[in-house]
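Engineer: A predicted structure for the sequence below; I have some questions about it.
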Amino acid sequence: MGWKFAVIVLLLAVVMGYVFSLILTPTLKTETPDAGDGWWAPGAPQSSGSKLEQDTSLRKFTVNVSNDLLADLNLRIRNARLIEPLDNSAFEYGFNAGYMRHLQQYWLENYSWRDAEKRLNQFDQFLTNIEGIDVHFLHVKPKLKPGQKAKPLIIVHGWPGSVYEFYKILPMLTDPTSHGGSSDDFFEVICPSIPGFGFSEAPHKQGFTAAAAARILNKLMLRLGFKQYYAQAGDVGTAITVNMAIMYPDNVKGLHNNDLAQVSLKSFVYPMVASVWPSFFLPKEEERNALLPLGERISFVIAELGYMYVFGTQPDSLSMALNDSPMGLASLILEKYSSWTNRNWKKLEDGGLTQAYSMDDLLTNVMIYWINGNVASSVRLFKEEFGASAKGYPTMYASHVPFGYACFPYEFIGTTDWLMKVFHPRILHFSYFTTGGHFPAFQVPALLAQDIRDFARKVEAL
Ligand SMILES: *[C@@H]1O[C@H](CO)[C@@H](O)[C@H](O)[C@H]1NC(C)=O
Ligand SMILES: *[C@@H]1O[C@H](CO)[C@@H](O)[C@H](O)[C@H]1NC(C)=O
């Protein structure tokens with residue numbers, strides 16, 4: 001009777017394995033969802049007949065803040081009511097209050113916004129009105145010799161980032177031959193401020209989701225004459241560009257991300273099973289490093305996402321304080337640049353901030369939120385994504401465009417190519433890095449630039 005029992009056990013194991021994999025792998029829709037349309041200006045849309053009246057011109061834009069705004073900011077920094085740090089604490093309780101005094105002094109005495117403006121204005125910038133609101137973007141063109149071609153690319157920042165994160169990587173992408181690339185690697189780059197962020201106008205109506213941002217950014221690329229383009233992003237930008245790939249598979253030629261917007265049950269259950277015998281279930285060391293230790297990774301994610309629960313539910317309440325206090329705003333934003341760059345930096349008194357970035361660069365990113373007064377409109381995106389108005393494209397639909405992924409070790413959620421394949425069946429490229437976190441364009445631009453080039457070459461070779 002022994003062999004019969006063995007056959008039954010084997011059959012049961014096969015059936016259970018099959019059921020298990022069905023449960024763990026979501027069934028994603030494969031059709032292209034309807035992208036809909038939107039109007040985000042205040043009041044009712046002005047229409048003539050059935051067509052919305054829209055100014056589609058491109059207007060040149062220069063960053064130039066008034067002296068009054070800077071004088072008011074100076075007073076607020078000077079008069080800030082700071083708090084006392086706990087004895088022997090670093091960044092475990094959030095931004096260290098002792099280090100904040102140092103930042104305050106630097107901001108007052110050493111930081112020059114007018115110098116930052118000069119840096120910000122080194123690339124051509126434009127505004128154009130889409131769905132009733134002004135969208136800001138940088139347009140950086142390569143200098144091509146006859147016979148050379150550039151690939152159009154849109155790169156999208158996240159929260160609490162801005163277009164400024166890309167200032168170091170932009171020349172690497174548009175002038176590759178001076179930065180370790182070849183003449184096959186030219187990109188013509190569009191770098192927008194997400195509506196509600198940076199120098200873009202904020203949507204005035206409820207319901208502005210990542211899918212709405214995706215529709216606006218695709219309209220921007222079409223308006224500029226790019227019918228086929230590459231897209232690259234991390235953080236919130238990932239959610240937006242994945243939506244673009246799902247909604248506009250004919251326009252997005254290739255999608256490259258350095259952060260994920262989608263996790264399946266498999267992303268949790270597989271590492272859990274693998275924890276029992278890591279070297280058997282995850283034979284590649286890189287995969288073990290990306291997914292394990294699971295407990296430590298999950299508790300870090302839970303500990304870091306508090307902001308998302310606050311902004312995903314009552315974004316305006318806390319935003320009123322942040323929009324009123326430059327030190328408060330800097331504290332929230334720069335805390336993320338510490339722990340999301342390296343989770344071990346919570347133990348450092350200065351959060352490790354200047355190990356990865358210059359104080360000037362960090363403050364310029366904070367300044368972009370301050371001068372535009374749009375922290376509230378940026379974080380409302382979390383509320384809209386959690387709310388009923390989000391159509392949930394990334395969790396319901398698979399994207400069918402060629403896909404590449406750069407996995408940095410200090411990203412919150414590690415992943416592997418086979419986990420990403422669930423959502424991106426046409427995954428062509430996957431790289432593991434040994435350094436870098438959640439802001440690779442800002443922290444390790446050369447690594448990210450090379451990965452984008454490698455990915456685009458694979459897409460071009462298809
Ligand atoms: C900024 O605006 C001021 C006042 O309107 C003007 O004098 C100055 O030239 C402008 N600077 C730039 C860089 O456009
Ligand atoms: C800030 O500027 C002062 C002089 O104005 C200088 O002594 C100090 O070293 C500077 N601090 C930093 C961190 O650069």
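Structural biologist: Cool, the structure landed. Numbers count the residues shown, from 1 in each chain. Ligands and ions are numbered 1, 2, ... in the order given.
Engineer: pretty sure residue 139 contacts residue 174?
Structural biologist: No - between residue 139 and residue 174 there is no contact under C-beta atoms under 8 Å: 10.3 Å. In this view, the C-beta of every residue, glycine as well, is placed from N, C-alpha and C.
Engineer: Three-state assignment for residue 409, please.
Structural biologist: Three-state assignment for residue 409 (DSSP: H, G, I helix; E, B strand; the rest coil): coil.
Engineer: Now do the helices in the stretch 101-250 of the chain.
Structural biologist: Shown for the stretch 101-250 of the chain, the helices assigned by DSSP state H, counting those that start in this stretch span residues 113-120, 169-174, 210-223, 235-247.
Engineer: Compare residue 139 and residue 174 (neighbour count), which wins?
Structural biologist: Set side by side, residue 139 and residue 174 show more neighbours around residue 174, with 22 against 15, by other C-beta atoms under 10 Å.
Engineer: dump the residue contacts of the residue lying closest to residue 244 once chain neighbours are set aside.
Structural biologist: Closest residue to residue 244 apart from its sequence neighbours, by C-beta to C-beta, 6 or more residues apart in numbering: residue 214 at 4.4 Å. Neighbour list for residue 214: 35, 240-241, 243-244, 247-248 [criterion: C-beta atoms under 8 Å, 6 or more residues apart in numbering].
Engineer: Check the stretch 51-200 of the chain for the residue nearest ligand 2 and tell me.
Structural biologist: residue 110 (3.8 Å; C-beta to the nearest ligand atom).
Engineer: And that residue, how far from residue 104?
Structural biologist: Residue 110 sits 11 Å away from residue 104, going by C-beta to C-beta, to the nearest Å.
Engineer: about what we covered before: find residues that contact each of residue 139 and residue 174.
Structural biologist: Listed as contacting both residue 139 and residue 174 by C-beta under 8 Å, 6+ apart are 188-189.
Engineer: Tally up the residues packed near the closest residue to ligand 2 within the stretch 201-350 of the chain, please.
Structural biologist: Distances between the stretch 201-350 of the chain and ligand 2 by C-beta to the nearest ligand atom are smallest at residue 350, namely 11.5 Å. Neighbour count of residue 350, defined by other C-beta under 10 Å: 17.
Engineer: Which pLDDT value belongs to the closest residue to it other than its chain neighbours?
Structural biologist: Distance criterion C-beta to C-beta, 6+ apart; nearest residue to residue 350, sequence neighbours excluded, is residue 99 at 5.1 Å. With respect to pLDDT, residue 99 scores 97.
Engineer: now swap in residue 420 and tell me
Structural biologist: At residue 420, the pLDDT value in this model is 95.
Engineer: OK, contacts around it?
Structural biologist: Going by C-beta under 8 Å, 6+ apart, residue 420 touches 260, 403, 405, 427, 430.
Engineer: And residue 45, what's its pLDDT?
Structural biologist: For residue 45, the model assigns a pLDDT of 74.
Engineer: Report how many residues lie close to it.
Structural biologist: With other C-beta under 10 Å as criterion, residue 45 counts 13.
Engineer: May I have the secondary structure class of the nearest residue to it once chain neighbours are set aside?
Structural biologist: Of all residues not flanking residue 45 in the chain, residue 39 sits nearest, at 4.6 Å (C-beta to C-beta, 6+ apart). Three-state call for residue 39 (three-state DSSP): coil.
Engineer: Touching, residue 39 and residue 132? I think so.
Structural biologist: Yes - with contact defined as C-beta under 8 Å, residue 39 and residue 132 form a contacting pair (4.8 Å).
Engineer: Counting neighbours around each, name which of the two comes out higher.
Structural biologist: The neighbour comparison of residue 39 against residue 132 (other C-beta under 10 Å) goes to residue 132, with 20 against 17.
Engineer: for the more buried one, what are its contacts?
Structural biologist: So residue 132 contacts 39-41, 45, 52, 54, 204 (C-beta under 8 Å, 6+ apart).
Engineer: Please list only the buried members of those residues.
Structural biologist: Buried residues within these, counting neighbours by 16 or more other C-beta atoms under 10 Å: 39-41, 54.
Engineer: which one of those sits closest to residue 326?
Structural biologist: Closest approach between these and residue 326, by C-beta to C-beta: residue 40, at 27.5 Å.
Engineer: show me what contacts the residue of the stretch 201-350 of the chain closest to ligand 2?
Structural biologist: Contact analysis of residue 350 by C-beta under 8 Å, 6+ apart lists 96, 99, 102.
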